[in-house]
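> 3D, please:
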Amino acid sequence: MSPIDPPEDVSPLMAVLLERWVLTLATVPRPISATATPGESAPDAAIAESDYPYATPLFYAVAEHLIATPTLVFASRPDSTHGRHLGAGPTRCAAGLYLESEDVSGLRGVQLRGEVALVERWPGDAPDGLRAAYLRRHPGAAALLRPGARERLYGLALTWAKLTDNRRGFGHKQAWNFSPSIFGAPFEDPPHRSV
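Below you'll find the predicted structure:
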């Protein structure tokens, strides 16, 4: 393999994403105006955390070939700190995952940026594809994702990724930009569906 792949070749990125199953998601609070109803003031706790980003580890799966943009799917609760930050989406976020090694020449990691939304907000058959991808990777999560459960699935369409792979030379980096056409237009309210 050449030391630098053509920019359109995402296979080095996908190899790392498919190899792992836990990422660290970084979110920032939604503006108070986006979470408060008209005439309602935000609770003191929301004001106190308003300037703080939040990072959380999450189990994820890769939803391959669902859309042209690399897509990850994860489960979480909307009432968690990061769930409140994300809302129904689409919401911008960042993530990272790392393949540890005691030998610095074997270190690999990925930094990600993208837009995330509850899977039921995705158009067409995407919600079913995202759910299937997650349950293939994490079959034990089926009980957590039953209708009416507190856990919900979120889809993350990548807009940018940077891979660091020291196996290909110390500090070897490669970056990709993606256009998530799925989020190109504002979401319409979807019909009610259980996912």
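
> CA only for contacts and neighbour counts going forward, please
Noted.

> Quick check: the gap between the nearest residue to residue 138 once chain neighbours are set aside and residue 52.
With sequence-adjacent residues excluded and distances taken as CA to CA, 6 or more residues apart in numbering, residue 138 is closest to residue 61, at 7.9 Å. Applying CA to CA, to the nearest Å, the value for residue 61 to residue 52 is 27 Å.

> between those two, which one's more packed in?
residue 61 (28 against 10; other CA atoms under 10 Å).

> give me the beta-bridge partners of the more buried one?
Beta-bridge partners for residue 61, by DSSP bridges, are residue 73.

> Dihedrals phi and psi, the residue nearest to residue 10 when sequence neighbours are not counted?
Nearest non-adjacent residue to residue 10, counting by CA to CA, 6+ apart: residue 176, 7.8 Å away. Note on residue 176: its backbone torsions stand at phi -130, psi 150 [degrees, to the nearest 10].

> list the contacts for residue 176?
Contact analysis of residue 176 by CA atoms under 8 Å, 6 or more residues apart in numbering lists 7-8, 10, 160-162.

> Can you select the buried ones from those residues in ChimeraX?
Only the buried entries of the contacts of residue 176 go into this ChimeraX selection, using 16 or more other CA atoms under 10 Å:
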select :160,161,162
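
> Can you tell me which one of the contacts of residue 176 sits lowest on pLDDT?
pLDDT across the contacts of residue 176 is at its lowest for residue 7, which sits at 56.

> Quick one: mean pLDDT over the helix ranked longest in the chain.
Longest among the helix segments of the chain by residue count, using DSSP state H, is helix 126-137. Mean per-residue pLDDT for helix 126-137: 95.

> what does stretch 163-179 give?
Stretch 163-179 comes out at a mean pLDDT of 90.
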